[in-house]
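Trainee: Kindly return the folded structure for what I paste below:
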Amino acid sequence: MKLPGILTMIQMGSGLVFAIPLGLIGFEFLVAGRTVFGATFLFLAAAMLFLPEYVMRRVGGPRDWIRGLLPFRRGD
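Mentor: Sure, this is the predicted structure:
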């Protein structure tokens, strides 16, 4: 199993900084009986955490994009 690198940890931490308050707002709305807004905020909080990881695995990172732009050399 490959351990996460420092950039992955920074990405996850910055996602949590924004997702935790949004999730708490969603929870408060659910408790108050405003289920549509509460569910929406909880969905957005979950998307903030999982969507960047999905995109990086599906599309690739900046390193893969740069490799795709550079001409391919076989002899080097």
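Trainee: neighbours around Leu42, how many?
Mentor: 19 (other Cβ atoms under 10 Å). Just so you know, the C-beta spots here come from the backbone N, C-alpha and C atoms, and that holds for glycine as well.
Trainee: oh, I was asking about Glu53
Mentor: Residue neighbour count, defined by other Cβ under 10 Å, stands at 13 for Glu53.
Trainee: again, but for Leu7
Mentor: Leu7, neighbours per other Cβ under 10 Å, totals 9.
Trainee: Next one: it from Leu22, what distance?
Mentor: From Leu7 across to Leu22, the span is 23 Å (Cβ to Cβ, to the nearest Å).
Trainee: ok, now Gly60?
Mentor: 27 Å.
Trainee: Equivalent analysis for Ala47, please.
Mentor: Ala47 is 10 Å from Leu22, by Cβ to Cβ.
Trainee: Equivalent analysis for Met56, please.
Mentor: Counting by Cβ to Cβ, the separation of Met56 from Leu22 is 21 Å.
Trainee: Settle it for me: which of those two has more neighbours?
Mentor: More neighbours surround Leu22 than the other of Met56 and Leu22, with 18 against 14 (other Cβ under 10 Å).
Trainee: Quick one: residues contacting the residue positioned nearest the centre of the chain.
Mentor: Residue closest to the mean C-alpha point of the chain, counted by Cα atoms, centre = their mean, is Pro52 at 3.0 Å. Listed by Cβ atoms under 8 Å, 6 or more residues apart in numbering, the contact partners of Pro52 are 11, 15.
Trainee: State the pLDDT value of it.
Mentor: Pro52 carries a pLDDT value of 81.
Trainee: Assign a three-state SS to it, would you?
Mentor: helix (DSSP: H, G, I helix; E, B strand; the rest coil).
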